[in-house]
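# Have a look at this fold, sequence not included:
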């Protein structure tokens, strides 16, 4: 598993593969009548070939906005996007609309959490997969149809040669999600973004979809960004984890290390609030008190301080006055907490 630190200071381990996707200082703000919504505020990470990065956090933490920025789907909205998103040598933030269309679906593709909304109800599943293929391989419709049949079979849809002419409402929820995966992978993208891909599915189908994604990753070598609030999904899928809170990344590092030794108080709270099979059973879970902050009116200092049980451990009330940096946590992790500032330890 990768031990690459995912942060602004990350350069990758010596001898490691070059990142297939490199995001630096990504900012996505939305001007509104009520104020400026700081949905994503200075996020940086690397994604390595063939690896999975899990992005976790409560609703409103900035996970999905980050993924939409990578896909260039904030174009044409009021969003103010800055920073850099480097994919295959191209900065997607500075790219033209035409360059983005060329990259989208071919170099980077996305699986949305609600396939019934993402799939057009008036067109057959096959036609929609064929269209996604022809955008980047214009011309031979017969070849595109065979490729669509091949992909439907690859994602485990039985009798794909007949199912290709069915409509989305004729598929079950799990089959629709499989069809979405087939559409996303039809052009062999280097990066696959999965935004809550199992939310609307029952537990058995969730497990099947996750195993399918792992199998396809091994076969096709795609790097995956898994966006979810479900830490169980992350434990099953991810090599590395980025925890987000209030539009910022608050902890990054290797998945096994974060699960066994979380550093940021928010990450500790997330893990304590979920059932764990690797610990002694207790009568009650331990939820994080309070609610996530408004992204328009963030609290002064550390955004997590109103809910943090460690802020009194930091002298001089720094948590209430200063926004912590993303401090390095040796050997290859980082946490946005004054607990790891050398000034605090001095």
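Perfect, thanks for sending it. All of these numbers come straight from a predicted model, not from anything done at the bench.

# how much space between residue 307 and residue 245?
Residue 307 sits at a distance of 9 Å from residue 245 (criterion: C-beta to C-beta, to the nearest Å). For every residue, glycine as well, the C-beta is placed using N, CA and C.

# Overlap of the contact sets of those two?
When contacts are counted by C-beta atoms under 8 Å, 6 or more residues apart in numbering, residue 307 and residue 245 are jointly contacted by residue 266.

# Specify which residue of these two has the higher count of neighbours.
Legend: neighbour count by other C-beta atoms under 10 Å for residue 307 and residue 245, higher for residue 245 (26 against 18).

# so that one sits right up against residue 288, yeah?
No: Residue 245 is beyond contact range of residue 288, at 10.1 Å (criterion: C-beta atoms under 8 Å).

# what do the two both touch?
With contacts defined as C-beta under 8 Å, 6+ apart, the residues adjacent to both residue 245 and residue 288 are residue 266.

# My read is that residue 296 contacts residue 33, right?
No: in terms of C-beta under 8 Å, residue 296 does not count as a neighbour of residue 33; the distance is 10.4 Å.

# From residue 66, how far off is residue 315?
Going from residue 315 to residue 66 by C-beta to C-beta gives 33 Å.

# which of these two has more neighbours?
Under the criterion of other C-beta under 10 Å, the comparison of residue 315 against residue 66 puts residue 66 first, with 26 against 9.

# Over to the more buried one. Which of the three states is it?
At residue 66, secondary structure determined by DSSP: H, G, I helix; E, B strand; the rest coil is helix.

# In terms of helices and strands, where is the nearest residue to it once chain neighbours are set aside?
Once its chain neighbours are removed from consideration, residue 66 has its nearest residue in residue 40; the separation is 5.4 Å (C-beta to C-beta, 6 or more residues apart in numbering). Here residue 40, judged by DSSP states H and E, is contained in strand 35-47.

# For the stretch 201-346 of the chain, give me the ranges with low pLDDT.
In the predicted model, the stretch 201-346 of the chain carries pLDDT under 70 at residues 276-283, 344-346.

# Please identify the longest helix in this protein, counting by residues.
helix 203-220 (DSSP state H).

# That one - contacts with which helices or strands?
Contact analysis of helix 203-220 by 3 or more C-beta pairs under 8 Å, 6 or more residues apart in numbering; DSSP states H and E lists helix 173-185, helix 231-237 as its packing neighbours.

# now those helices as TSV including mean neighbour count and distance to residue 54?
Formatted as TSV, the entries for the helices and strands packed on helix 203-220 read as follows, by neighbours: other C-beta atoms under 10 Å; distance: least, C-beta to C-beta, whole Å:
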stretch	mean neighbour count	distance to residue 54
helix 173-185	25	18
helix 231-237	20	4
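
# could you dump those helices to TSV with distance to residue 70?
TSV is the format used below for the helices and strands packed on helix 203-220 (distance: least, C-beta to C-beta, whole Å):
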stretch	distance to residue 70
helix 173-185	13
helix 231-237	18
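
# picking up where we left off before, helices or strands next to the strand holding residue 40 in the packing?
Helices and strands touching strand 35-47, by 3+ C-beta pairs under 8 Å, 6+ apart, are strand 21-32, helix 63-70, strand 80-87, strand 240-245, strand 248-254.

# Can you give the distance from the next helix or strand after the third one to the centre of its chain?
Sequence-wise, the next helix or strand downstream of strand 80-87 (DSSP H and E) is strand 90-91. Taking C-alpha atoms, centre = their mean, to the nearest Å, one finds strand 90-91 lying 19 Å from the centre of the chain it belongs to.

# what are the bridge partners for residue 43, then?
On the basis of DSSP bridges, residue 43 takes part in beta bridges with residue 26.

# Pull the contacting residues for it.
Contacts here follow C-beta under 8 Å, 6+ apart; on that basis residue 43 touches 23, 25, 26, 62, 66, 83, 242, 244, 247, 248, 249.

# So what sits opposite the residue most central in space within the chain in the bridge?
When C-alpha atoms, centre = their mean is applied to the chain, the residue found nearest the centroid is residue 227 (3.2 Å). On DSSP bridges, the residues paired with residue 227 through beta bridges are residue 55, residue 195.

# thinking it is in contact with residue 55, fair?
Yes: here residue 227 lies in contact with residue 55, judged by C-beta under 8 Å, at a distance of 4.9 Å.

# pLDDT score for the residue nearest to residue 66?
Confidence at residue 40, expressed as pLDDT, is 97.

# Let me see the contact set for it.
Contacts of residue 40 by C-beta under 8 Å, 6+ apart are 26, 27, 28, 62, 65, 66, 69, 247.

# Next, the contact list for the third one, please.
This means residue 28. For residue 28, the contacting residues are 39, 40, 62, 65, 66, 69, 74, 79, 80, 81, taking C-beta under 8 Å, 6+ apart as the criterion.

# and if you look at the fourth one?
The contact partners of residue 62, by C-beta under 8 Å, 6+ apart, come to 28, 39, 40, 41, 43, 244, 246, 247, 248, 295.

# For it, give me phi and psi.
Note on residue 62: backbone dihedrals following degrees, to the nearest 10 are phi 110, psi 10.

# change the start of the numbering to 183 and stick with it
Understood, numbering begins at 183; the last thing we discussed is residue 244.

# what's the closest non-adjacent residue to residue 413?
Beyond its immediate neighbours in the sequence, the residue positioned closest to residue 413 (C-beta to C-beta, 6+ apart) is residue 456, lying 5.3 Å away.
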